[in-house]
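**Q** Take this sequence and fold it.
(one chain, ligands or ions: 1)
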Amino acid sequence: MRIKKVSHIAVAASDTQQAKVLYQDILGLNFSGSESVEQEGVTTHFYDAGESSIELLEPLSVETPVGRFLEKRGPGLHHIALEVEGLDDYVLKLREAGIALLSDEPQMGAHDMRIIFIHPKSAGGVLIELCEKT
Ligand code: ZN
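**A** Down below sits the predicted model:
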């Protein structure tokens with residue numbers, strides 16, 4: 001059980017075209033693809049940033065978690081994701097420590113990763129995703 005790296009930093013975007021201009025055209029990050037995750041109501045757009053990536057989150061509708069996030073707070077930093085080995089052990093350890101999680105069990109996320117979120121109220125105001133390759 002260990003943290004391997006920062007997997008990605010996720011940004012809620014209301015204008016993914018504008019973001020593409022910044023990340024790809026100006027900063028020169030390689031666009032590595034988009035993927036819709038129906039369960040989360042979001043399309044993710046990934047840009048490689050060395051060992052990690054920037055993940056732009058585009059809601060599939062306003063009635064989704066990211067849609068409501070944009071409505072309430074506007075575009076901006078949404079979550080940071082840590083890639084781990086031993087996700088299920090981390091979930092047990094977090095539960096034992098009384099840390100609030102957004103779901104009872106890990107869910108399937110983009111890139112065939114199993115993911116679970118730590119609630120911001122248990123993480124200093126930061127939404128933290130733990131993910132593990134399946
Ligand atoms: Zn993520």
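
**Q** Which strand residues bridge the closest residue to residue 91 other than its chain neighbours?
**A** Leaving aside its sequence neighbours, residue 91 sits nearest to residue 116 (C-beta to C-beta, 6 or more residues apart in numbering; 6.0 Å). Every C-beta, even on glycine, is put in place using the N, C-alpha and C of the backbone. Residue 116 has these beta-bridge partners by DSSP bridges: residue 130.

**Q** Which pLDDT value goes with residue 116?
**A** We have a pLDDT of 97 for residue 116.

**Q** how about stretch 86-97 as CSV, C-alpha atoms only?
**A** Below are the C-alpha coordinates for stretch 86-97, written out as CSV (Å, rounded to 0.1, in the frame of the first residue of the first chain):
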residue,chain,number,x,y,z
GLY,A,86,-3.7,-1.1,-2.4
LEU,A,87,-6.8,1.0,-2.8
ASP,A,88,-9.0,-1.3,-0.8
ASP,A,89,-6.5,-1.2,2.1
TYR,A,90,-6.5,2.6,1.9
VAL,A,91,-10.4,2.6,2.0
LEU,A,92,-10.3,0.4,5.2
LYS,A,93,-7.7,2.6,6.8
LEU,A,94,-9.6,5.8,6.0
ARG,A,95,-12.8,4.3,7.3
GLU,A,96,-11.1,3.3,10.6
ALA,A,97,-9.8,6.8,10.9
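
**Q** how about that stretch: buried residues?
**A** 87, 90, 91, 94 (16 or more other C-beta atoms under 10 Å).

**Q** Next up, the contacts around residue 119.
**A** 99, 100, 101, 102, 127 (C-beta atoms under 8 Å, 6 or more residues apart in numbering).

**Q** Burial check on the first one, number of neighbours?
**A** So that's residue 99. 16 (other C-beta atoms under 10 Å).

**Q** re earlier: list the contacts for the residue nearest to residue 91?
**A** Contacts of residue 116 by C-beta under 8 Å, 6+ apart are 87, 91, 101, 102, 103, 105, 106, 107, 129, 130.

**Q** Assign a three-state SS to the fifth one, would you?
**A** What that stands for is residue 103. Following DSSP: H, G, I helix; E, B strand; the rest coil, residue 103 is assigned to coil.

**Q** pLDDT wise, what is the residue lying farthest from the centre of the chain at?
**A** The centre of the chain is farthest from one residue, residue 96, which by C-alpha atoms, centre = their mean lies 23.7 Å away. Looking at residue 96, its pLDDT is 97.
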